[in-house]
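[1] Quick one, fold the following:
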Amino acid sequence: MKIQELIAWIKQRAPGTYFPFMFPTTGPDACSVVTLQAGGAKDRDTGASFPAFQVLVRGAARDFEEAEARAYAIFNTIANRKEQRIGADSVVVIYPVGSVPFFIGVDEVQRPIFSMNFNLIIRP
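    Below is the predicted model:
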């Protein structure tokens, strides 16, 4: 699975502005970033893989309510999805690492940021 395939899948279900890997300096205040993470090792016997990904949601300066609402909308759209196709990968399940989006603070211009992490199980 490539990052742009994952972003396209998320964007189709939770519309918004998404960027890969990091917030661009010229990006809008209210946007999200998606990063792929290594996750767990591939199962030697079954060939199943267990990658992970993170979604960061940033809001406009001091607009905690809107940023939190967008984070929850994305979280509730993704959490516990089963039997999905993302790019060429057949995903068994996407499960959240936490129970809710996590507020991680504000950036240098007081824009709130929420974090969500998800694990996947992908068929071989």
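
[2] Give me the pLDDT value at Val111.
    Heads up, residue 111 is Arg, not Val. According to the predicted model, the pLDDT of Arg111 comes to 98.

[3] Distance check, it against Lys2.
    Distance, Arg111 to Lys2, by Cβ to Cβ, to the nearest Å: 28 Å. Yep, even glycine has a C-beta here, placed from its N, CA and C like the rest.

[4] for the residue lying farthest from the centre of the chain, helix, strand, or coil?
    Outermost residue of the chain with respect to the C-alpha centroid, by Cα atoms, centre = their mean, is Asp45; its distance is 28.5 Å. The local conformation at Asp45, judged by DSSP: H, G, I helix; E, B strand; the rest coil, is coil.

[5] any idea how far it lies from Trp9?
    As judged by Cβ to Cβ, Asp45 and Trp9 stand 28 Å apart.

[6] rewinding a little: and Arg111 and Lys2? which has more neighbours close in?
    Arg111 (20 against 13; other Cβ atoms under 10 Å).

[7] Now do the contacts for the more buried one.
    29, 58-61, 63, 67 (Cβ atoms under 8 Å, 6 or more residues apart in numbering).

[8] mind putting the residues you listed in CSV, neighbour count and secondary structure included?
    Below are the contacts of Arg111 laid out as CSV (neighbours: other Cβ atoms under 10 Å; DSSP: H, G, I helix; E, B strand; the rest coil):
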residue, neighbour count, secondary structure
Asp29, 17, coil
Arg58, 24, strand
Gly59, 23, coil
Ala60, 15, coil
Ala61, 11, coil
Asp63, 17, coil
Ala67, 24, helix
